[in-house]
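> Sequence first, predicted coordinates after that:
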Amino acid sequence: MKEERELSEKINLLEKEIQTLVSEIQRLDAAVSEVEDVKLELKGIKLFLGRKHPDLKDQLPEIVRKLKADKLQD
């Protein structure tokens, strides 16, 4: 009887852990989806700006390098 109770408690604990993991995976999936949307929008903006301002294509890599360097210093 005691073993059955212990087994039941362990099963309940595992079920709760699985629910927690599923919730976290859903939250992360939503965040990844948002990031993918932002990446797609950013790509569209870069294409648009590249057409309107052709010199941006040459300057953008240098701008990004400077921003990354500044971020590392902070």
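Perfect, thanks for sending it. Remember, predicted model here, so these are calculated numbers, not experimental data. Numbers count the residues shown, from 1 in each chain.
> So what's the gap between the helix or strand hosting residue 24 and the chain middle?
Assigned by DSSP states H and E, residue 24 falls within helix 2-52. The chain centroid and the centroid of helix 2-52 are separated by 9 Å under C-alpha atoms, centre = their mean, to the nearest Å.
> mean confidence score for it?
Average pLDDT, helix 2-52: 96.
> Can you name the next helix or strand after that helix?
Stepping forward along the backbone from helix 2-52, the first helix or strand reached (DSSP H and E) is helix 55-73.
> helices and strands around that following helix, which ones?
Here helix 55-73 touches helix 2-52, going by 3 or more C-beta pairs under 8 Å, 6 or more residues apart in numbering; DSSP states H and E. (Each C-beta comes from the backbone N, C-alpha and C, glycine too.)
> list the contacts for residue 3?
Listed by C-beta atoms under 8 Å, 6 or more residues apart in numbering, the contact set of residue 3 is empty.
> Please report how far it lies from residue 48.
67 Å (C-beta to C-beta, to the nearest Å).
> coming back round to it: the helix holding residue 24 vs helix 55-73, what angle?
Put simply, helix 2-52 runs at 140 degrees to helix 55-73, going by axes from the mean of the first three to the mean of the last three C-alpha atoms, to 10 degrees.
> Pick out the residue closest to the middle of this protein.
Nearest to the geometric centre of the chain sits residue 32, at 3.9 Å (C-alpha atoms, centre = their mean).
> I'd like to know how far it sits from residue 71.
For residue 32 relative to residue 71 (C-beta to C-beta), the value is 22 Å.
> Check residue 50 too.
Per C-beta to C-beta, residue 50 is found 23 Å from residue 71.
> before we move on, what about residue 41?
For residue 41 relative to residue 71 (C-beta to C-beta), the value is 21 Å.
> count of neighbours near residue 20?
Using other C-beta atoms under 10 Å, residue 20 has 10 neighbouring residues.
> gap between it and residue 33?
21 Å.
> swap in residue 40?
For residue 40, the distance to residue 33 - C-beta to C-beta - is 11 Å.
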